[in-house]
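>>> Give me coordinates for this.
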Amino acid sequence: KLVAWKKEYGNPNIPLNSEGGRQCQLVRRLHIQQKLRPGEIELLENLGFIFQLSLEDLYYEADFEDMYARLTEYQLRYPNDPVTKKYRSDPELGAWATGLRRLGTEAVQPEHVLRLNAINFNWKSKRACGSKFMLEYRDIQDKVRLYGRDYLDTEDVQKWISKERSNRLNDKMNDTRYHYMVELIGTNWMEEE
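As a prediction, this is how the structure comes out:
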């Protein structure tokens, strides 16, 4: 299905609401859980498959009950140590908790917020993102929300986009950051104006 989708649409990333979309979602979850073999990963990467959705998307895609049970177990075991993004024993749980923090209580379903608060989920990470890319990305994202999409046309933002485009062309940008750029700017962000 991935190959057929790529032939028709130019990429193998089948949207969730299309036939085959659930299988793509399953592959992404298996990748997060580190259950794919290196050969399988290489084959999918060569097709152009994007493994990493944004961490925020993981909240909507994952089974809440399953993730909540795993988080509850973690919280009982380590009550004073919030689960981190790169929790080695359960990478999916770490990614899911990070996505929850990024979404915040405003974007998470109210009944989920109540349940997460009941187990003392820490909505604010003790660790600040040190990535220059993410700091710049979030700043631009906030200003686009405030001023509108025209903010993307400012000189400083255009310089940043150009630099990130160059990084991607020179294989210095991973798929996660690429996905963030698509989310912020659109699928045509690689095209120079």
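
>>> name the helices or strands packed onto the one helix or strand in the chain whose mean pLDDT sits lowest?
Lowest on mean pLDDT, DSSP states H and E among the helices and strands of the chain sits helix 55-61, with a mean of 77. Secondary-structure packing of helix 55-61 (3 or more C-beta pairs under 8 Å, 6 or more residues apart in numbering; DSSP states H and E): helix 21-32, helix 91-107. Using the backbone N, CA and C atoms, a C-beta is placed for each residue, glycine as well.

>>> Adding mean neighbour count and distance to G186 as columns, could you present those in TSV?
TSV is the format used below for those (neighbours: other C-beta atoms under 10 Å; distance: least, C-beta to C-beta, whole Å):
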stretch	mean neighbour count	distance to G186
helix 21-32	17	21
helix 91-107	19	21
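
>>> Pick out the shakiest of those, pLDDT-wise.
Least confident of these, judged by mean pLDDT, is helix 21-32 with a mean of 82.

>>> Next, the angle helix 91-107 makes with that helix.
Using axes from the mean of the first three to the mean of the last three C-alpha atoms, to 10 degrees, the direction of helix 21-32 lies 120 degrees away from that of helix 91-107.

>>> contact partners of helix 21-32?
1-2, 12-16, 36, 41, 44, 49, 51-53, 58, 61-62, 91-92, 95 (C-beta atoms under 8 Å, 6 or more residues apart in numbering).

>>> Show me what whichever helix or strand comes after it is in contact with.
Sequence-wise, the next helix or strand downstream of helix 21-32 (DSSP states H and E) is helix 38-47. The contact list for helix 38-47, computed with C-beta under 8 Å, 6+ apart, reads 2-3, 6, 12, 27, 31, 36, 51.

>>> Next, the buried residues of helix 38-47.
Residues of helix 38-47 classed as buried: 41, 44 (neighbour count, 16 or more other C-beta atoms under 10 Å).

>>> how much does it deviate in direction from helix 21-32?
Going by the same axes, to 10 degrees, helix 38-47 makes 130 degrees with helix 21-32.

>>> quick one: low-confidence ranges for this protein?
Low-confidence segments of the chain, defined by pLDDT under 70: 16-17, 52-53, 126-130, 193.

>>> Geometric centre of it: which residue is closest?
What sits nearest the mean C-alpha location of the chain, by C-alpha atoms, centre = their mean, is S54, with 1.4 Å.
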